[in-house]
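> A predicted structure for the sequence below; I have some questions about it.
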Amino acid sequence: MTGTRDLTLLLFLALVMGGGLAVGYYTRPGDWYLELTKPSFNPPGWVFGPVWTVLYVMIAVAGWRLWYAADAGVTRALWWLQLLLNFSWSPAFFAAQQIGTALAIIVVLLITIVSLIALTWRHHRITSLLFVPYAAWVAFATALNTAIFQLN
């Protein structure tokens, strides 16, 4: 890696991690969330921080890799779209308390992630594999959001 590439990676990490931390800080679950009926498979709150930390690092590295890929125009756009959707979910769910809107956002997020995996699989396998755990977690989160929507 060159110095510029190292700096670019640090910028991607700062953007994704910093954005995720900021969104999480400003949209912390409050009493409203605590009072919601949740499904039996709802994980304890302490799980989310470590999971998202690892996922955000993987998302940042994938974005950085696409930044330098010569043939990644569409997948670069999908990467930015997934980040926008990712950062939009918590404000919709926790701040606006709009479970249905959050569900719509997360469904589109999951479709975007799976599309990015499919489009990068052949020529950017590492980037694609970096998004597989993210897709699995967002699929789980979609099921969780769906159950909370149905129960409330």
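Ah, there it is. On a predicted model such as this, the values are computed, not experimentally measured, just so you know.
> now do the lengthiest helix in the chain: distance to the chain's middle.
Selection of the longest helix in the chain by residue count, based on DSSP state H, yields helix 125-151. From the chain centre to the centre of helix 125-151 is a distance of 8 Å (Cα atoms, centre = their mean, to the nearest Å).
> do stretch 69-78 as well
Computed by Cα atoms, centre = their mean, the separation of stretch 69-78 from the middle of its chain amounts to 18 Å.
> just the endpoints, please. Distance across it?
End-to-end distance for stretch 69-78, by Cα to Cα, to the nearest Å: 14 Å.
> ok, now stretch 87-96?
With Cα to Cα applied, stretch 87-96 spans 14 Å between its terminal residues.
> repeat for stretch 19-39
End-to-end distance for stretch 19-39: 28 Å, by Cα to Cα.
> in that stretch, which residues are buried?
Neighbour-count burial for stretch 19-39 flags 19, 20, 23, 24, 27 (criterion: 16 or more other Cβ atoms under 10 Å). Backbone N, C-alpha and C define where each C-beta goes, glycine included.
> what residues does that stretch touch?
Residues outside stretch 19-39 that contact it (Cβ atoms under 8 Å, 6 or more residues apart in numbering) are 45, 52, 56, 83, 86-87, 90-91, 93-95, 97, 144, 147-148, 151-152.
> can you flag the buried ones in those residues?
For those, a burial check counting by 16+ other Cβ under 10 Å picks out 52, 56, 83, 86, 87, 90, 91, 93, 94, 144, 147, 148.
> now do the same contact list for the second one.
Spelled out, that is residue 56. Residue 56 sits next to 16, 17, 20 when contact means Cβ under 8 Å, 6+ apart.
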